[in-house]
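1. sequence unavailable; structure follows:
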Ligand SMILES: NC(=O)c1ccc[n+]([C@@H]2O[C@H](COP(=O)([O-])OP(=O)(O)OC[C@H]3O[C@@H](n4cnc5c(N)ncnc54)[C@H](O)[C@@H]3O)[C@@H](O)[C@H]2O)c1
C-alpha cells in the first residue's frame, strides 16, 4: 500500500508519519520547500510531543519521504488548510488545488480521501471535479471524507485510539476507506455517507461553541445580577442532568472559533443558535476588554493617576503556547490601544512575541493596580491574592 498525503501541517504530518510507522509506504507532499527539507532531514517544523521520534524513525527507514509534487499511489489524502474568508465564508481553494495536483496521478481502483474540515457537499464537489477532468475514472475510483478530531498536544496517541467517522460518496468508497484506516487506527471506524461525515465534524465543534456561549452568556447575566457565576454553575451542575461548562474571555483557536461559520454561511436561515453562539462568544471578548477599560477610567478618577494594568495570558486556552484566534490576545490588544495606562503583558508559555514585550507573571502581578485574568494557566493559580489589587477574573483563577 502506497499513500500520498497532501499537506504536512499539524494534522497531515502526524497522520502521514503514523501511517508510515504501520507499514504504509508514504509520500508526504507540501508546497512549502522548507517543510519538505526539514522532514527529509528527519526533523519536524511544528510543536507536538512524540512526533519528532516517529518522524525521525520513519524517515530513516525510508517509509516516509517528503516531496513537492505528488506521484502515483493507491491512496491520496487531502489534509490542507480550510480557513474562512473575511466574510466568514469557507475557503476550499486549498482543497481544490491539492485535488487538481493529484488528478494526473489517479488511476482505476485508487482511493481519494479528504480529511480537511470542510463545508457540507465538498467531497461531492471534488468528485465532480475529478469526473470532469478524468471522465474515464467515473465509478472506477473510491472517494470518501474522514474528519480528524485529535487534540493538539496528544495527537500521536489520539490518531491511533480515537473513533473515526468515515463517509464515502457510495458504500464501496466507505468500505475501501475503512480498510485503509484499519491499518493504523485502533479506535472504532463508523461508516456513513460523505455529507453526514462532513457535517459531523462541523457539528462537534459547533456543539462545543454553543455550550461555551451558554456559560459566557450566564457570566454576563450573573455579573449584572451581582451573583458569583462560578458558584452558580457549580450549584446548577449538582442537578443530575445539568452539565454547564466554564465561562472564559471568549473562544479561540483555529477549530471551534472557525468551523461553526461553515454551517452558518451555507444555512443562514436555519443556523440561528449556532450563529448567535458564535456572536455571543465573540461579544464576550469585547465585554471583557470594556470591563478592563472601564476599571482603568474608574481608577484614574479615584486616584488621579493612570493605573498599571496586567493582562494575564495570551493563549487561546490554558497551558498551551497557541495564540491563533486567541480572545486573550484580542483583549490585550484593545486594552493597549484604547487606554493610556501602562499595560504589562504576560504569557508564561511563550518566550518572545512580535507585538508585545512579555513580562514575568509574578513581577507583573506585583507591579499592577488592575489585574485582568484572561487565561487560567496553572502557574497563575499559585499567586496569592493581594488585597490592594483590583482583579477582574474572566476565567476562574480566583473561583
Ligand atoms: N490542527 C488541528 O488541531 C486540526 C484538528 C482537526 C482538523 N483540522 C483540519 O485539518 C486541516 C489541516 O489543518 P492543519 O492544522 O494541519 O493545517 P496546517 O496549516 O498546519 O498545515 C497545512 C499544510 O498544507 C500545506 N499546503 C497548503 N496547500 C497545499 C497544497 N495544495 N498541496 C500540498 N500542501 C499544501 C501547507 O503548506 C501546510 O504545511 C484543516 O482543514 C483543519 O481545519 C485541524
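-> Arrived safely, thanks for sending. These numbers were taken from a predicted model, which means no experiment stands behind them.

2. next one, pLDDT for residue 46 please.
-> Note for residue 46: predicted pLDDT of 88.

3. which helix or strand contains residue 287?
-> Using DSSP states H and E, residue 287 falls within helix 272-303.

4. likewise residue 191?
-> Here residue 191 is assigned to strand 189-193, by DSSP H and E.

5. contact partners for the nearest residue to residue 310 once chain neighbours are set aside?
-> Closest residue in space to residue 310, ignoring its immediate chain neighbours: residue 368 at 3.6 Å, by CB to CB, 6 or more residues apart in numbering. In short, each C-beta sits where N, CA and C put it, glycine included. Applying CB atoms under 8 Å, 6 or more residues apart in numbering, one finds that residue 368 lies in contact with 307-310, 344, 389.

6. could you turn the buried ones of the residues you listed into a PyMOL selection?
-> The buried subset of these, as determined by 16 or more other CB atoms under 10 Å, is captured in PyMOL by this line:
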select buried, resi 307+308+309+310+344
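
7. CSV for the contacts of residue 368, including pLDDT and secondary structure?
-> Below are the contacts of residue 368 laid out as CSV (pLDDT from 0 to 100; DSSP: H, G, I helix; E, B strand; the rest coil):
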residue, pLDDT, secondary structure
307, 98, coil
308, 98, strand
309, 98, strand
310, 98, strand
344, 98, strand
389, 97, coil
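
8. for the contacts of residue 368, work out which two are farthest apart.
-> Pairwise distances across the contacts of residue 368 (CB to CB) peak at 12.6 Å, for the pair 344 and 389.

9. intersect the contacts of residue 368 with the contacts of the ligand.
-> With the criterion set as CB under 6 Å from any ligand atom, no member of the contacts of residue 368 is near the ligand.

10. any chance of TSV for the contacts of residue 368, columns distance to residue 291?
-> Conversion of the contacts of residue 368 to TSV gives the following (distance: CB to CB, whole Å):
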residue	distance to residue 291
307	13
308	17
309	11
310	14
344	17
389	15
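
11. and whatever residue of the stretch 201-350 of the chain ends up closest to the ligand, how far from residue 379?
-> Among the residues of the stretch 201-350 of the chain, residue 255 lies closest to the ligand, at 5.6 Å counting by CB to the nearest ligand atom. Note on residue 255: its distance to residue 379, by CB to CB, to the nearest Å, is 26 Å.

12. same thing with residue 311?
-> Distance, residue 311 to residue 379, using CB to CB: 15 Å.

13. and the closest residue to residue 216 other than its chain neighbours, how many neighbours?
-> Residue nearest to residue 216 in three dimensions, not counting chain neighbours: residue 284, with 4.3 Å by CB to CB, 6+ apart. Residues lying near residue 284 (other CB atoms under 10 Å) number 25.

14. my read: residue 284 touches residue 249, true?
-> Yes: Residue 284 is within contact range of residue 249, at 6.5 Å (criterion: CB atoms under 8 Å).

15. who touches both of those two?
-> Common contacts of residue 284 and residue 249 (CB under 8 Å, 6+ apart): residue 327.

16. in what helix or strand does the residue lying closest to residue 68 once chain neighbours are set aside lie?
-> Spatial nearest neighbour of residue 68, excluding adjacent residues (CB to CB, 6+ apart): residue 36 at 5.7 Å. For residue 36, the host element (DSSP H and E) is helix 33-40.
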